[in-house]
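Novice: can you look at this prediction? I've put the sequence above it.
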Amino acid sequence: MKTVTIPSNSNRLVEKIGQVSRDLTMRCGNFVFDIVSELGDIVIFAGQIFLWIFTARPKKETLLPNFYAVGVLSLPVVALTGTFIGMVLANQSYTQFKNIGLESRLGAVINYSLVRELGPVLAATMLAGRVGSAMAAVLGTMRVTEQIDALISMGANPIHYLVVPRFLACVLLIPALTVMADFMGILGGYFYSVILLGIDHAQYIRNSRDFVGGFDFFAGVFKSIFFGGTIAVVSCYRGFHCQAGAEGVGRAATAAFVLSFVLILVLDLLLNILLDVVYLSIWPGGVKLF
Amino acid sequence: MARGSKTILILAPEFNIELTSNASSLVETREMSLVFGRQTVLNRISLSIPRGQTVAIIGESGCGKTMLLKSLVGLLKPTSGKILFDGVDIHSLNDVDMTRLRRRFGFVFQNAALFDSMTIGQNVAFPMTQHGVPSGKNADTLVLDRLAEVGLPDAVIAKRPAQLSGGMRKRVGLARALILEPDLILYDEPTTGLDPIMSDVINELIMRTRRKYPVTSVMVTHDMHSAKKVADRIIMLYPYSRLAKGESQVLFDGTPDEIDHTQDRRVRQFVRGEAGERLMEMRAARTENAGLGDLDTLKHLDARGEE
């Protein structure tokens, strides 16, 4: 039998590769462990919020400022972006539809996209950017400056006192913001299509009415409730688990927006699949009945 | 026995829990340890604080003083051991009982921890609104009385915390902690960051509080002047990582007079504010980081006057 001698350089190379692959496996393992552990923490956090919602009524003094910040102060920016999204949709779709002679159907595509997708996602994105980051920053600052410890030491539960009002404000008011985004987007799309591009008013309206049903409107509003809840849970969780210092607060605010946005898109897909299943189980032929 | 300690037997009828301690101690820790990940902050601390006593906990940064203070009121849960308040193991209480018990604590945080979103009046009244005791005119009068006790005018009631100086914020924090006349009041570095005059004002307020109310006080501080002036008893903690095996983390437990005559080198160094061997350790760490290990190099660096 012939014995093969591996040169010492090769031995070192094999050792090095082994070390690198061990490190890589360990890092991947740690990464997965961190993600699973954080998701678990977020679920527990959400569970605590639900527990407090059903066990103690939040005080008016904590609810009203949050409802004002989430609802009233978000309205102008949601309305403005909704209007422009409607106009941009009309602008982008017009040439394509004109090439195939279907420009009169523009109302259908604009309004369907707005009501089913863009309205809720846009309202949620605005909420995550404007309110979610602020929530994470405020709660993070309260954590860093020991205000949350002070609350606990005086017998207040921080989830009940700080998180529940924010959660309720997001969940209860995001449908209104979504309706506003839908409405302003529809107006913007109509203005651009009918007034500026000269599409026939009657055809635009008829096509819109034929293609956009009550279920589409319901689906958009229904999804928005989950988006609102996700934004509140993620942002408050990030604020509560903020690292020390100004950098920690900044990171919490950024992470709150990024994670909320990613989860909004993931939820959007999952909820669309679910709603399609529900729709087809009610109307198997896929015909819109209302 | 330390100065000012009293023996009063008070049971805790409001809690449906068997008392496990001699109730002459208002606060007691039994073999309490606090571990974060792999880092042991507090190791088997056993202390007993009698009613009416004012205790100063001293020790260098990172030795776990604030962690101990927060554990005493249930803000941190010990990894092992027990914390007894009035004979009740506070970590065995449910949320409702714990909330009720917290009415008997007052906590003055290092930077006051006033709520930014509230006025000073709302901040001071917060414990009352939380526990539903006196409301309306009585509450307003009580807030003004407490603010007056800490030397603040009525006009501050409508201001926001950001509009006050550091010393005023600390006094508001003290007024808030006193509003429900707690049995135990905890001060986390009450004089840190204040000028010497304001520091002494705070010391005087702590002493006046003790004279006016039958309160037990625990104060965490670096300030030896404050500790000696205010406390009946001084406890010095030492960082666990620096202890020899089997050594207690409580390096000193005695009266302010005794601490000046202690034989322990580490306590003497802290009391006098001497760096001792720490400078040498810092230099050695720097040399090690630079990849230079021998003493000759260290001497060479010293000779060049590098810091």
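Specialist: Perfect, I can see it now.
Novice: how is the chain divided into domains?
Specialist: Going with chain A. As assigned by automatic domain parsing, chain A contains the domains A:9-55, A:59-282.
Novice: nope, chain B
Specialist: B:25-104+B:182-274, B:276-307.
Novice: of these, which shows the lowest average pLDDT?
Specialist: In terms of average pLDDT, domain B:276-307 trails the rest of the domains of chain B, at a mean of 60.
Novice: circling back: let me have the domains of chain A in TSV, extended by distance to chain B.
Specialist: For every residue, glycine as well, the C-beta is placed using N, CA and C. Formatted as TSV, these follow (distance: least, CB to the nearest CB, whole Å):
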stretch	distance to chain B
domain A:9-55	10
domain A:59-282	4
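Novice: a markdown table for those, including distance to B:D145, mean neighbour count and mean pLDDT?
Specialist: Below are the domains of chain A laid out as a markdown table (distance: least, CB to CB, whole Å; neighbours: other CB atoms under 10 Å in any protein chain shown; pLDDT from 0 to 100):
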| stretch | distance to B:D145 | mean neighbour count | mean pLDDT |
| --- | --- | --- | --- |
| domain A:9-55 | 34 | 12 | 90 |
| domain A:59-282 | 19 | 20 | 92 |
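Novice: how about the residues of chain B by chain A?
Specialist: Within chain B, the positions lying close to chain A (CB under 8 Å from any CB of the partner chain) are B:70, B:73-75, B:95, B:99-100, B:102-103, B:105, B:107, B:109-111, B:113-117, B:126-127, B:130-131, B:176.
Novice: where along the chain do the helices fall?
Specialist: By default, I'm working from chain A. Remark: helices assigned in chain A by DSSP state H are A:8-55, A:60-67, A:75-99, A:106-113, A:119-127, A:133-144, A:147-153, A:158, A:164-190, A:201-211, A:214-240, A:245-282.
Novice: the chain in question should be chain B.
Specialist: Ranges of helices in chain B, per DSSP H, are B:65-72, B:95-102, B:120-131, B:137-149, B:166-178, B:196-212, B:224-230, B:256-259, B:265-272, B:278-289, B:295-303.
Novice: give me the angle between the fourth one and helix B:166-178.
Specialist: Going back to what we said before, that points to helix B:137-149. For helix B:137-149 against helix B:166-178, the angle by axes from the mean of the first three to the mean of the last three CA atoms, to 10 degrees is 140 degrees.
Novice: do the longest one as well
Specialist: Relative orientation of helix B:196-212 versus helix B:166-178 (the same axes, to 10 degrees): 10 degrees.
Novice: residue nearest the centroid of chain B?
Specialist: For chain B, B:V220 is the residue whose C-alpha lies nearest the centre (CA atoms, centre = their mean; 3.3 Å).
Novice: identify the residues contacting the closest residue to it other than its chain neighbours.
Specialist: Ranked by CB to CB, 6 or more residues apart in numbering or on different chains and with sequence neighbours excluded, the top spatial neighbour of B:V220 is B:K65, at 4.3 Å. Listed by CB atoms under 8 Å, 6 or more residues apart in numbering or on different chains, the contact set of B:K65 reads B:I57, B:I58, B:G59, B:V220, B:L237.
Novice: rewinding a little: closest to B:A227 out of the helices of chain A?
Specialist: Nearest to B:A227 among the helices of chain A is helix A:147-153; the distance by CB to CB comes to 22.5 Å.
Novice: still on that earlier bit, okay, the residue nearest to B:V220 and A:A108: tell me how far apart.
Specialist: Here B:K65 is placed at a distance of 69 Å from A:A108 (CB to CB, to the nearest Å).
Novice: next: A:T95.
Specialist: As for A:T95, its distance to A:A108 is 17 Å (criterion: CB to CB).
Novice: again, but for B:G273
Specialist: From B:G273 to A:A108 the distance is 80 Å (CB to CB).
Novice: then A:M87?
Specialist: As defined by CB to CB, A:M87 lies at a distance of 17 Å from A:A108.
Novice: count the residues that sit near B:P190.
Specialist: Each residue near B:P190 was counted by other CB atoms under 10 Å in any protein chain shown, and the total is 26.
Novice: show me the contacts for the closest residue to it other than its chain neighbours.
Specialist: Distances taken as CB to CB, 6+ apart place B:I202 nearest to B:P190, at 5.1 Å, with adjacent residues excluded. Contact analysis of B:I202 by CB under 8 Å, 6+ apart lists B:G167, B:K170, B:R171, B:L174, B:P190, B:T191, B:L194, B:S226.
Novice: counting neighbours, which of those comes out on top?
Specialist: Within these, most neighbours by other CB under 10 Å means B:K170, with 30 neighbours.
Novice: quick check: phi and psi at the closest residue to that one other than its chain neighbours.
Specialist: Spatially, and ignoring its direct neighbours in sequence, B:K170 is nearest to B:A112 (5.3 Å; CB to CB, 6+ apart). Main-chain dihedrals, B:A112, degrees, to the nearest 10: phi 70, psi -30.
Novice: tell me how far B:A112 lies from A:C170.
Specialist: Distance of B:A112 to A:C170, given as CB to CB: 30 Å.
Novice: cool, and B:D200?
Specialist: When B:D200 is compared with A:C170 (using CB to CB), they lie 48 Å apart.
Novice: over to B:D86?
Specialist: The gap separating B:D86 from A:C170 is 41 Å, by CB to CB.
Novice: same thing with A:T55?
Specialist: Distance from A:T55 to A:C170, counting by CB to CB: 20 Å.
Novice: hang on, isn't B:L75 packed against A:M154?
Specialist: No. B:L75 is beyond contact range of A:M154, at 11.2 Å (criterion: CB atoms under 8 Å).
Novice: that older thread, hmm, B:C63 and the residue nearest to the centre of chain B touching each other?
Specialist: No. Counting by CB under 8 Å, B:V220 does not reach B:C63; the two are 10.1 Å apart.
Novice: state the pLDDT value of B:A155.
Specialist: If you check B:A155, the pLDDT there is 90.
Novice: count of neighbours near it?
Specialist: Counted with other CB under 10 Å, B:A155 comes out at 9.
Novice: got it, and B:V133?
Specialist: B:V133: 14 surrounding residues under other CB under 10 Å.
Novice: now it. Nearest residue, chain neighbours left out?
Specialist: Closest residue to B:V133 in three dimensions, ignoring its sequence neighbours and counting by CB to CB, 6+ apart: B:L180, at 7.0 Å.
Novice: what's near enough to touch that neighbour?
Specialist: By CB under 8 Å, 6+ apart, B:L180 lies in contact with B:R103, B:G106, B:P127, B:M128, B:H131, B:V133.
Novice: what's the spacing between it and B:D116?
Specialist: Distance of B:L180 to B:D116, computed by CB to CB: 22 Å.
Novice: also A:L139?
Specialist: 12 Å.
Novice: which residue ranges of the stretch 1-150 of chain B form strands?
Specialist: Counting by DSSP state E, counting those that start in this stretch, the stretch 1-150 of chain B has strands at residues B:25-36, B:39-50, B:54-58, B:80-85, B:88-89, B:105-108.
Novice: from the chain's centroid, how far away is the fifth one?
Specialist: For strand B:88-89, the separation from the chain centroid amounts to 20 Å (computed by CA atoms, centre = their mean, to the nearest Å).
Novice: now do it: which elements does it pack against?
Specialist: Helices and strands touching strand B:88-89, as assessed by 3 or more CB pairs under 8 Å, 6 or more residues apart in numbering or on different chains; DSSP states H and E, are absent.
Novice: partner strands of it and their direction?
Specialist: strand B:80-85 (antiparallel) (DSSP bridges).
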